[in-house]
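Enquirer: give me a 3D structure for the following:
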Amino acid sequence: MKAKLLGAALAAVIVALLVLSAAPSKGAMLVIAFDLSHRQAPKGLEVIVGLVPYYKVLIVSDESDLERVPPELLKAFNEVRKGGLTAENLRDVDVLIIGQPEALIRPEEVEALKAWFSKPNRAMWIAADSDYPAQGSEKAQQFMNTVLEALGSAIRIDYVSAEDLKENAGGAVYWVKGIVVPSPEVSFLKSGLQYNRVLFHGPGALFVLVQGKPINPVKQPELKPKNIYIVVRTSEDSRVVENSPPEKGGLGAMFYDPLDDRVNRGPFPLMLIEVFTDNRVIVASSETMYGGYQPMTVTEYYRVPLDGPQFISNILTYLASVVTQPIKVTETKTVTLTETKTETKTETKTEVRVETTTETVTTGVSTPVAALVAVIALVVGAAAAFLLRR
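Expert: Modelled structure (predicted):
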């Protein structure tokens with residue numbers, strides 16, 4: 001009888017676990033937020049949300065943003081928050097995804113992002129565009145540079161367009177097939193890829209500031225900071241052009257001058273990762289994972305096979321792994337080792353020898369899954385003990 005009761009209790013616990021996994025709550029799962037508050041189109045989001053087993057938040061500006069979202073896609077989110085990138089909307093967000101914006105960020109939103117990213121266990125993927133005027137001119141690039149500078153990043157995007165004469169889909173040089181060649185530290189981002197190619201439809205070109213001076217980390221690896229990793233790049237047969245030069249009212253190139261043969265030839269970085277202390281990371285891409293003219297979610301473009309969904313899944317899995325890691329804190333302790341007394345006829349002196357030791361202590365919360373397993377184990381143990389005593 002006791003065995004049957006114990007079996008029933010265990011079955012109830014398993015059912016409860018399945019219910020929890022089917023209906024995630026903020027307290028039990030990682031929170032990932034997608035920004036639609038800067039006039040982004042939702043194109044491609046239907047693919048991405050299907051890859052995300054976390055608590056999904058959609059951030060919009062107001063009701064007008066929701067009019068662009070298909071009803072079935074809206075149902076895929078656990079929560080909708082209005083008002084843009086505010087401190088309240090970001091309060092419990094672990095991973096923030098900002099697709100190619102078509103409106104500039106407000107100063108108060110910049111301050112909210114700074115406060116949010118200053119806390120441990122934070123990850124952000126931000127996407128931009130080229131200077132081709134169809135998608136709002138250079139607003140996406142301005143948005144990205146404003147955010148990256150505010151968060152203390154060394155990554156920037158230039159006000160140019162990257163074109164690839166060799167690695168492109170369908171023959172158009174701006175339909176770039178981004179080559180996935182991650183730095184050794186993040187080589188796992190190639191896991192499951194078949195073609196090592198992702199669509200970057202009309203991308204810009206990223207660069208890195210080192211002591212205030214721009215470098216191309218692909219062509220100048222000896223100057224690349226150790227905490228910045230290359231993920232996607234163009235081929236050697238690529239170039240930069242200006243579609244919105246200053247004479248047409250655009251912003252001039254900051255580094256990749258199309259008229260300067262020293263810098264205007266590829267390869268160029270299309271996606272970079274920058275790792276900060278306290279489990280914080282930024283992924284910057286020069287084209288978008290959703291929105292834009294054609295996001296990188298596609299599996300083929302003009303019959304050219306691509307790795308879009310698997311690659312995006314790898315990036316999101318990586319970001320989730322970063323923010324769920326325990327934090328390592330280095331503590332310095334002072335320990336008294338010995339006391340030595342020296343006596344003379346007139347006085348006694350005591351000398352204390354002190355040694356300082358450094359110890360690394362792991363603190364912070366564990367992953368939500370581990371916490372949930374611990375709770376379930378406690379419930380099962382209590383149920384078993386109660387039934388077996390009777």
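
Enquirer: for the rest of this, base every contact and every neighbour count on C-alpha atoms.
Expert: Fine.

Enquirer: which residues are in contact with stretch 128-137?
Expert: The contact list for stretch 128-137 (Cα atoms under 8 Å, 6 or more residues apart in numbering) reads 99-103, 138, 140-141, 143-144, 159-162, 202-205, 242-244, 250, 285-288, 292-293.

Enquirer: recalculate using a threshold of 6 Å.
Expert: 100, 102, 138, 140-141, 159-161, 202-204, 243-244, 286-287 (Cα atoms under 6 Å, 6 or more residues apart in numbering).

Enquirer: you'd agree residue 41 is in a strand?
Expert: No: applying DSSP: H, G, I helix; E, B strand; the rest coil, one finds residue 41 to be coil, outside a strand.

Enquirer: contact partners for it?
Expert: Shown in contact with residue 41 (Cα under 6 Å, 6+ apart): residue 291.

Enquirer: report pLDDT for it.
Expert: Reading off the confidence values, residue 41 has pLDDT 94.

Enquirer: separation between it and residue 67?
Expert: 11 Å (Cα to Cα, to the nearest Å).

Enquirer: do the same with residue 225
Expert: 43 Å.

Enquirer: comparing the two, which residue is more hemmed in?
Expert: Higher neighbour count among residue 225 and residue 67: residue 225, with 14 against 9, using other Cα atoms under 10 Å.

Enquirer: ok, now which ones touch residue 54?
Expert: Residue 54 neighbours (Cα under 6 Å, 6+ apart): 29-30.

Enquirer: pretty sure residue 81 is touching residue 57, no?
Expert: No: judged on Cα atoms under 6 Å, residue 81 makes no contact with residue 57 at a distance of 7.2 Å.

Enquirer: looking at those two, which one has more neighbours?
Expert: A direct count of neighbours by other Cα under 10 Å for residue 81 and residue 57 places residue 57 higher, at 22 against 19.

Enquirer: tell me the SS of the more buried one?
Expert: Using three-state DSSP, the structure places residue 57 in strand.

Enquirer: and the pLDDT for it?
Expert: Residue 57 is assigned a pLDDT of 98 by the prediction.

Enquirer: tell me what the nearest residue to it once chain neighbours are set aside is bridged to.
Expert: Leaving aside its sequence neighbours, residue 57 sits nearest to residue 33 (Cα to Cα, 6 or more residues apart in numbering; 4.5 Å). Note on residue 33: beta-bridge partners by DSSP bridges are residue 57, residue 96.

Enquirer: would you mind giving the secondary structure of residue 322?
Expert: helix.

Enquirer: count the neighbours of it for me.
Expert: By other Cα under 10 Å, 20 other residues sit near residue 322.

Enquirer: separation between the closest residue to it other than its chain neighbours and residue 207?
Expert: In space, and not counting its chain neighbours, residue 322 is closest to residue 279: 5.8 Å by Cα to Cα, 6+ apart. Per Cα to Cα, residue 279 is found 23 Å from residue 207.

Enquirer: between the two, which one's more packed in?
Expert: residue 207 (24 against 20).

Enquirer: and for residue 113, the neighbour number?
Expert: Neighbours of residue 113 (other Cα under 10 Å): 19.

Enquirer: and for residue 125?
Expert: Close neighbours of residue 125, defined as other Cα under 10 Å, add up to 21.

Enquirer: likewise for residue 307?
Expert: For residue 307, the count of nearby residues is 22 (other Cα under 10 Å).

Enquirer: and it, what does it touch?
Expert: The neighbours of residue 307, taking Cα under 6 Å, 6+ apart as the test, are 193, 197-198, 299.

Enquirer: in strands, which of those residues appear?
Expert: Mapping the contacts of residue 307 onto strands (DSSP state E) picks out 197-198.

Enquirer: and the contacts of residue 307, which two are furthest apart?
Expert: 193 and 299 (11.1 Å; Cα to Cα).

Enquirer: next one: residue 184 from residue 111, what distance?
Expert: For residue 184, the distance to residue 111 (Cα to Cα) stands at 34 Å.

Enquirer: who's more crowded, the two?
Expert: Between residue 184 and residue 111, residue 111 has the larger neighbour count (other Cα under 10 Å), namely 17 against 11.

Enquirer: a helix runs through that one, doesn't it?
Expert: Yes: read with three-state DSSP, residue 111 is one of the residues of a helix.

Enquirer: next up, phi/psi of residue 301, please.
Expert: Note on residue 301: backbone dihedrals following degrees, to the nearest 10 are phi -140, psi 120.

Enquirer: then stretch 95-102 to CSV, C-alphas only?
Expert: Output of stretch 95-102 as CSV, limited to C-alpha atoms (Å, rounded to 0.1, in the frame of the first residue of the first chain):
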residue,chain,number,x,y,z
VAL,A,95,18.9,38.4,-22.1
LEU,A,96,17.9,41.4,-24.3
ILE,A,97,17.6,41.0,-28.1
ILE,A,98,17.5,44.3,-30.2
GLY,A,99,16.8,43.7,-33.8
GLN,A,100,17.6,46.3,-36.5
PRO,A,101,16.0,49.5,-35.2
GLU,A,102,14.5,52.0,-37.5
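
Enquirer: and it, which residues are buried?
Expert: Across stretch 95-102, burial judged by 16 or more other Cα atoms under 10 Å covers 95-102.

Enquirer: what ranges do the strands span in the stretch 1-150 of the chain?
Expert: For the stretch 1-150 of the chain, the strands defined by DSSP state E, counting those that start in this stretch cover 31-35, 55-60, 79-82, 95-98, 122-127.
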